[in-house]
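Got a predicted model here, sequence first, then my questions.
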Amino acid sequence: MFKVLVSDPISDLGIQQLVDAPDVTVEKNTGLSEDELAAIIGDYDALLVRSQTRVTEKIMAAGTRLKVVGRAGVGVDNIDLEAATQRGIIVINAPDGNTITTCEHTFAMMMALARHIPQAYAKTIGGTWDRKSFLGVELRNKTLGVLGMGRIGSEVAKRAKAFGMNILAFDPFLTQERAEKLEVKLATVDDIIRNADFMTVHTPLTPETRHMISRPQFEVMKKGMRIINCARGGVIDEMALVEAIDEGIVAGAAFDVFESEPPQQDHPFLNHPKIIVTPHLGASTIEAQENVAIDVSEEVLHILRDEPFKNAVNMPPVAPSIMSRLQPYFSLGEKLGSFAAQITKNQAIHEIHVDYAGDLSDIDTLPLTRYIVKGVLAHHLGSEVNIVNCMHLAKNREVNVAVSTAPKSKGFTNLLTVTLKTSENEERLVAGTLLNGYGERIVQLNKFPVDIAPEGHQILISHNDKPGIIGQVGTLLGKNDVNIASMQVGRKIIGGEAIMILTVDKGVQKEVLNELTTIPELNSAVEIVLS
Ligand SMILES: NC(=O)c1ccc[n+]([C@@H]2O[C@H](COP(=O)([O-])OP(=O)(O)OC[C@H]3O[C@@H](n4cnc5c(N)ncnc54)[C@H](O)[C@@H]3O)[C@@H](O)[C@H]2O)c1
Ligand SMILES: O=C(O)[C@H](O)COP(=O)(O)O
């Protein structure tokens, strides 16, 4: 008999199929502390949660029977995926069930914001009949900026069209073709900041999206913008937002999510006259809660019964025979994918092409391809991507994954070449190898041969091959306290196009990268971070 523990409030109707299953017993025990949960989790085969229960390393370690953690919802930021993967615990989520509900909540927030509904309600029930203080704005003919055009962002855009709004949309995976299909205008973050009347964010919280709207963005923002966040706290810098509202740059904000939940009583959003808030209610409808609970219960049953399942967000075991030959390349493959994604910044990727040469040309490399695709997608999609779901996510985003093989590998015994093709018909190429005795190396970047260890923080500079540039780069980084550990320069012809790759000891601020581009003959500077 399998034992399932439900540790957050999850729809009864949604989990009915688990309750009815003859080989399963379901127990509910909500509101447990980490210690309380750790004390009992050893008795269970499956754990069902929403976002309240933090499924930490400690819980995973105590879950000696645990096969699966089911998240009735999208975000898995409350689950330690690394710890689950290490222990072979499958983590699944229900990515589709609350899309419409969250989209509708976003709209409710946008309209409440436009018409001051919470503030007017509070005054009216307080006995004041105030018709002067709450002059609103129409949505019609206004420009809505959507950051993140995944499931929820796309639905929001669709509904905004019906309200007569013009949509500017940005998503690293949004191609011109898909934008046309969705009837939105493909834009940059900068276009949105400078031109939108309303802006709504629908991205996960990743190192790249954290504070993607902060002081520098507020400084150039269209005056009077209204901002909605029903995605994840932290995408918009909360303190910078309060300042921007108080300075009259932002007209108002509607937030369902906070950097830390629940927020402290003295959080500046609470009781601010121009900020309206809800307590992470985006997914809280009867329908969505039933949907996500049904989806997750179905998957939990499959996993407990060793049947095929689809929405795993962490890694399943790979067959041992394939593992022994491919495993040494998994980490290199993921890093090549991530490197390639980071040098393809702000361009929609429509194909990930992988070429396997030499030792890798005669085996089934699909598990390795998954690591590469994961590396590419995880840069934008965050912890939701894993080697189980990455192909599915690529397909959903109309990103084609193509593989070719070649018996010869330019003098290397093995060579992995990852090429990202963008919708602007550009290509970014990163090739790497496992060198006997030297480990992982990147040996080609676009058309330039290089030799770098793919790890830590790097700066990739594209410049014209002119005397003095290296010195200026070194001086500028030194001035900004960035220590250079190693440097590589590559060029095809003297005086022509060239690249420089610097390995540095720590992260580099965006301002420093921008300053680098002011050096004459230096065309671009991008930071690459590899773990
Ligand atoms: N408030 C709630 O209760 C609630 C409910 C459901 C989902 N969510 C959250 O909403 C967010 C979106 O959910 P979804 O189901 O649409 O996810 P999704 O994965 O379908 O879409 C997220 C999109 O963000 C894009 N993205 C990543 N980095 C970006 C960047 N730097 N700039 C612009 N776009 C970027 C991705 O390419 C992707 O298309 C998630 O954070 C999810 O956890 C919140
Ligand atoms: O990621 C999600 O699905 C939402 O944030 C909903 O979270 P909840 O299940 O705690 O409401």
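All right, it came through fine. Ligands and ions are numbered 1, 2, ... in the order given.

So which bits of stretch 393-405 are buried?
393-394, 397-399, 401 (16 or more other Cβ atoms under 10 Å). To be clear about C-beta, it is placed using only N, CA and C from the backbone, and glycine gets the same treatment.

which one of the residues you listed sits closest to ligand 1?
Ligand 1 lies nearest to residue 397 out of these, by Cβ to the nearest ligand atom, at 6.6 Å.

wait, that closest one sits on residue 173?
Yes - between residue 397 and residue 173 a contact is recorded at 4.3 Å, counting by Cβ atoms under 8 Å.

near ligand 1, which residues of the stretch 1-150 of the chain show up?
Contact residues, the stretch 1-150 of the chain versus ligand 1 (Cβ under 6 Å from any ligand atom): 74-75, 95, 98-99, 102, 147-150.

So what touches stretch 459-479?
The set of residues external to stretch 459-479 that reach it, using Cβ atoms under 8 Å, 6 or more residues apart in numbering, is 343, 445, 483-484, 487, 489, 491, 493-502, 504, 508, 512-513, 515-516, 519, 521-528.

what's in contact with the worst-scoring helix or strand of the chain on mean pLDDT?
For the chain, using mean pLDDT, DSSP states H and E, the weakest element among its helices and strands is helix 81-86, scoring a mean of 82. Around helix 81-86, the neighbours that count as contacts under Cβ under 8 Å, 6+ apart are 55-57, 60-61, 69, 90-91, 313-315, 383, 386.

at 6 Å instead, please
Residues outside helix 81-86 that contact it (Cβ atoms under 6 Å, 6 or more residues apart in numbering): 57, 60, 91, 314-315, 383.

List the buried residues in that helix.
Quick answer for helix 81-86 (16+ other Cβ under 10 Å): 81, 83-85.

Could you export that helix as PDB, CA atoms only?
The C-alpha trace of helix 81-86 is given here as PDB (Å, rounded to 0.1, in the frame of the first residue of the first chain):
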ATOM      1  CA  LEU A  81      15.200  20.100  -6.600                       C
ATOM      2  CA  GLU A  82      18.900  19.400  -6.300                       C
ATOM      3  CA  ALA A  83      18.300  17.400  -3.000                       C
ATOM      4  CA  ALA A  84      15.400  15.500  -4.600                       C
ATOM      5  CA  THR A  85      17.500  14.700  -7.700                       C
ATOM      6  CA  GLN A  86      20.400  13.500  -5.600                       C
END
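
Look at whichever residue of the chain sits closest to ligand 1 and report its pLDDT.
For the chain and ligand 1, the shortest gap (Cβ to the nearest ligand atom) falls at residue 150, measuring 1.8 Å. Predicted confidence (pLDDT) for residue 150: 96.

Kindly report the same for the one 10 residues further on.
In the prediction, the pLDDT value recorded for residue 160 is 98.

ok, it to residue 234 distance?
Distance of residue 160 to residue 234, given as Cβ to Cβ, to the nearest Å: 24 Å.

just the strands in the stretch 401-531 of the chain please.
Using DSSP state E, counting those that start in this stretch, the strands of the stretch 401-531 of the chain run over 414-422, 427-435, 439-445, 448-452, 456-464, 484-491, 497-504, 522-530.

Using TSV, lay out these together with distance to ligand 1, mean pLDDT and mean neighbour count.
Below are the strands of the stretch 401-531 of the chain laid out as TSV (distance: least, Cβ to the nearest ligand atom, whole Å; pLDDT from 0 to 100; neighbours: other Cβ atoms under 10 Å):
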stretch	distance to ligand 1	mean pLDDT	mean neighbour count
strand 414-422	14	95	22
strand 427-435	17	95	21
strand 439-445	23	94	19
strand 448-452	25	92	17
strand 456-464	19	94	20
strand 484-491	28	90	15
strand 497-504	23	93	20
strand 522-530	14	93	18
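
out of those, nearest to residue 118?
Nearest of the strands of the stretch 401-531 of the chain to residue 118, taken as Cβ to Cβ: strand 522-530 at 40.3 Å.

Output the longest helix along the chain as CSV - backbone C-alpha positions only.
Longest helix of the chain, by residue count under DSSP state H: helix 320-342. Extracted in CSV, the C-alpha atoms of helix 320-342 (Å, rounded to 0.1, in the frame of the first residue of the first chain):
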residue,chain,number,x,y,z
PRO,A,320,23.4,2.3,-16.9
SER,A,321,24.7,1.1,-20.3
ILE,A,322,24.2,4.5,-21.8
MET,A,323,25.3,6.2,-18.6
SER,A,324,28.8,4.8,-18.5
ARG,A,325,29.7,6.3,-21.9
LEU,A,326,27.7,9.5,-21.8
GLN,A,327,27.9,10.6,-18.2
PRO,A,328,31.3,12.2,-18.4
TYR,A,329,29.9,14.6,-21.0
PHE,A,330,26.7,15.6,-19.2
SER,A,331,28.2,18.6,-17.3
LEU,A,332,30.1,19.8,-20.4
GLY,A,333,27.0,19.5,-22.5
GLU,A,334,24.9,21.6,-20.1
LYS,A,335,27.6,24.2,-19.8
LEU,A,336,27.9,24.5,-23.6
GLY,A,337,24.1,25.0,-23.8
SER,A,338,24.2,27.6,-21.1
PHE,A,339,27.2,29.4,-22.7
ALA,A,340,25.5,29.4,-26.1
ALA,A,341,22.2,30.8,-24.6
GLN,A,342,24.1,33.5,-22.7
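
let's have the chain start at 14 instead
With 14 as the first residue, the last one maps to helix 333-355.
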